[in-house]
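J.: Quick check, what structure comes out for this input:
(chains A, B, C and D)
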2 protein chains.
Amino acid sequence: MAKTVQARTLKTRAKLLSAAKNLIEHSGYEALRVEEVVLKAGVAKGTFFSHFKDKEALMDQLIGARLSEILTEIEAGPVPKSASDMVAALTPFIAFATSERYVFDIMLRYSGATAIQEVGPIAQTFLQQYELCLKWVMNPDWPVRDDIPAELIAEGIGAFLIQAVSLQFCALHSSVTVEARLEPYLHAWFK
Amino acid sequence: MAKTVQARTLKTRAKLLSAAKNLIEHSGYEALRVEEVVLKAGVAKGTFFSHFKDKEALMDQLIGARLSEILTEIEAGPVPKSASDMVAALTPFIAFATSERYVFDIMLRYSGATAIQEVGPIAQTFLQQYELCLKWVMNPDWPVRDDIPAELIAEGIGAFLIQAVSLQFCALHSSVTVEARLEPYLHAWFK
DNA sequence: CTATAAAATTGACCATGGTCACTTTTAGAG
DNA sequence: CTCTAAAAGTGACCATGGTCAATTTTATAG
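T.: Coordinates of the predicted model:
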């Protein structure tokens, strides 16, 4: 018998995801307990772990999906025309990344692929973010430095984003917004 | 009676740290179990947690101490004269950061201060690294861009470091060394 | 030296993520 | 329709980090 995926599987998975989403909507990501998810989904604990490698894999799914939504929405918007435009455009992404320390921790842990040869949902959004910035930066009337490859600039923006959010979580600099912190970095890529 | 710290406290703390160090030397950071630490130190489990807020606080201490050693050694060396020099100088730091995924995760989580108004050992090493890079970059015969504040460049180097190590842990790019990945970023700061 | 309050330590206990041998369900061959 | 093997699901159980009321040790006032 070939390895088939039964309809039941998809239904159970959907129940788990929906239960998790509801719980998170109510009390945030960090407070999520596997016990509560399976209770609400009406399945046994073991079932959870036959659908997700571990609790963080579920988080990867959920946070990844949310980030992708946000980036897709940003992508649909106008191409920014300056550093501050760019920062403004990225604001929803930043807002989500800073919404909970736990969320940012998961983002960092999953920003690279977790297992070899596997790119998880969050890792994919980092690629999406890279490509979005690359698109912006390759815009011909964009005043970006031409002595640096566009790919490097796009990657660098990702690095600066992480840095700015990290510093936000650092008590030492919390009076400055992430956006204000990000902008001077971006200027370094401009002519 | 005033709040005094008994000699016993220091002794117990030292026993715990030494036990942990031995265990880590033998099987790495990730494999460390609190249970084993207290067994080896000859104290009860509760004692551990009256000395360290949680297991990660111990890791913050140990990893922070190691990072500080490494940075202090780098600081004692010659001031690098180019991007590749700089990358070469940072190699011991990178080697430790990439030695275990777990170590890098802890570094990221603690890179900002954890609690408000408190800078932990790892967070301090990020400051140390920032100041080291600042010192290098402010060297008058250093060919760095002068249209960007030295402080920003130093901060940016930190961001690039993290980015390069993160990508190292990403299966997609693991064929390139961290050093090779870091260098082109650094060139962006040069004239 | 003794009494006593603060400091330090203890270990049974809890919370929660994760495992796995077993049971139930399902798809499809005959 | 029945039989069977794979797929899916179950829940008792384990691993491990962390808690806290009770106990022991220490410093020092009198």
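J.: From chain B, how far out is the most centrally placed residue in chain A?
T.: Geometric centre of chain A, nearest residue: A:Leu67, 4.1 Å, by Cα atoms, centre = their mean. Distance of A:Leu67 to chain B, computed by Cβ to the nearest Cβ, to the nearest Å: 16 Å. C-beta coordinates here come from the backbone N, C-alpha and C atoms, glycine included.
J.: likewise A:Gln124?
T.: A:Gln124 is 11 Å from chain B, by Cβ to the nearest Cβ.
J.: before we move on, what about A:Glu69?
T.: Taken as Cβ to the nearest Cβ, the span from A:Glu69 to chain B is 23 Å.
J.: got the contact list for that residue?
T.: If a contact means Cβ atoms under 8 Å, 6 or more residues apart in numbering or on different chains, then A:Glu69 has no contacts.
J.: Which strand or helix spans it?
T.: A:Glu69 is part of helix A:55-76 when elements are defined by DSSP states H and E.
J.: What residues of that helix count as buried?
T.: Buried residues in helix A:55-76, counted by 16 or more other Cβ atoms under 10 Å in any protein chain shown: A:56-64, A:66-68, A:70-71, A:74.
J.: Check stretch A:16-36 too.
T.: Buried residues in stretch A:16-36 (16+ other Cβ under 10 Å): A:Leu16, A:Leu17, A:Ala19, A:Ala20, A:Leu23, A:Ile24, A:Tyr29, A:Leu32, A:Val34.
J.: Would you reformat these as CSV and include secondary structure and distance to A:Thr98?
T.: Output for the buried residues of stretch A:16-36, formatted as CSV (DSSP: H, G, I helix; E, B strand; the rest coil; distance: Cβ to Cβ, whole Å):
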residue, secondary structure, distance to A:Thr98
A:Leu16, helix, 27
A:Leu17, helix, 24
A:Ala19, helix, 26
A:Ala20, helix, 22
A:Leu23, helix, 21
A:Ile24, helix, 16
A:Tyr29, coil, 13
A:Leu32, coil, 19
A:Val34, helix, 25
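J.: now the helices: where do they sit in chain A?
T.: A:7-27, A:34-41, A:45-51, A:55-76, A:83-97, A:101-111, A:121-137, A:150-169, A:178-187 (DSSP state H).
J.: could these be laid out in JSON lines, adding distance to DNA strand D and mean pLDDT?
T.: As requested, the helices of chain A are exported to JSON lines (distance: least, Cβ to the nearest atom of the strand, whole Å; pLDDT from 0 to 100):
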{"stretch": "helix A:7-27", "distance to DNA strand D": "3", "mean pLDDT": "96"}
{"stretch": "helix A:34-41", "distance to DNA strand D": "7", "mean pLDDT": "98"}
{"stretch": "helix A:45-51", "distance to DNA strand D": "2", "mean pLDDT": "98"}
{"stretch": "helix A:55-76", "distance to DNA strand D": "13", "mean pLDDT": "98"}
{"stretch": "helix A:83-97", "distance to DNA strand D": "24", "mean pLDDT": "96"}
{"stretch": "helix A:101-111", "distance to DNA strand D": "14", "mean pLDDT": "94"}
{"stretch": "helix A:121-137", "distance to DNA strand D": "20", "mean pLDDT": "94"}
{"stretch": "helix A:150-169", "distance to DNA strand D": "18", "mean pLDDT": "92"}
{"stretch": "helix A:178-187", "distance to DNA strand D": "28", "mean pLDDT": "92"}
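J.: what would these look like in CSV with distance to DNA strand C?
T.: Formatted as CSV, the helices of chain A follow (distance: least, Cβ to the nearest atom of the strand, whole Å):
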stretch, distance to DNA strand C
helix A:7-27, 5
helix A:34-41, 4
helix A:45-51, 3
helix A:55-76, 3
helix A:83-97, 21
helix A:101-111, 11
helix A:121-137, 16
helix A:150-169, 22
helix A:178-187, 28
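J.: want to try CSV for those helices, with distance to B:Ile148 as columns?
T.: Shown next, in CSV, are the helices of chain A (distance: least, Cβ to Cβ, whole Å):
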stretch, distance to B:Ile148
helix A:7-27, 41
helix A:34-41, 47
helix A:45-51, 49
helix A:55-76, 27
helix A:83-97, 13
helix A:101-111, 26
helix A:121-137, 18
helix A:150-169, 13
helix A:178-187, 8
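J.: wait, which of these is closest to B:Thr12?
T.: B:Thr12 sits nearest to helix A:101-111 of all the helices of chain A, at 30.9 Å, using Cβ to Cβ.
J.: Can you dump the C-alpha atoms of the closest one in CSV for me?
T.: C-alpha atoms of helix A:101-111 as CSV (Å, rounded to 0.1, in the frame of the first residue of the first chain):
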residue,chain,number,x,y,z
ARG,A,101,10.1,38.8,22.9
TYR,A,102,9.2,35.1,22.4
VAL,A,103,8.1,35.7,18.9
PHE,A,104,11.4,37.4,18.0
ASP,A,105,13.3,34.6,19.6
ILE,A,106,11.5,32.0,17.5
MET,A,107,12.1,34.2,14.4
LEU,A,108,15.8,34.2,15.1
ARG,A,109,16.0,30.5,15.8
TYR,A,110,14.2,29.7,12.6
SER,A,111,15.5,32.4,10.4
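J.: packing partners for it?
T.: Taking 3 or more Cβ pairs under 8 Å, 6 or more residues apart in numbering or on different chains; DSSP states H and E as contact, the helices and strands that helix A:101-111 lies on are helix A:55-76, helix A:83-97, helix A:121-137, helix A:150-169, helix B:101-111.
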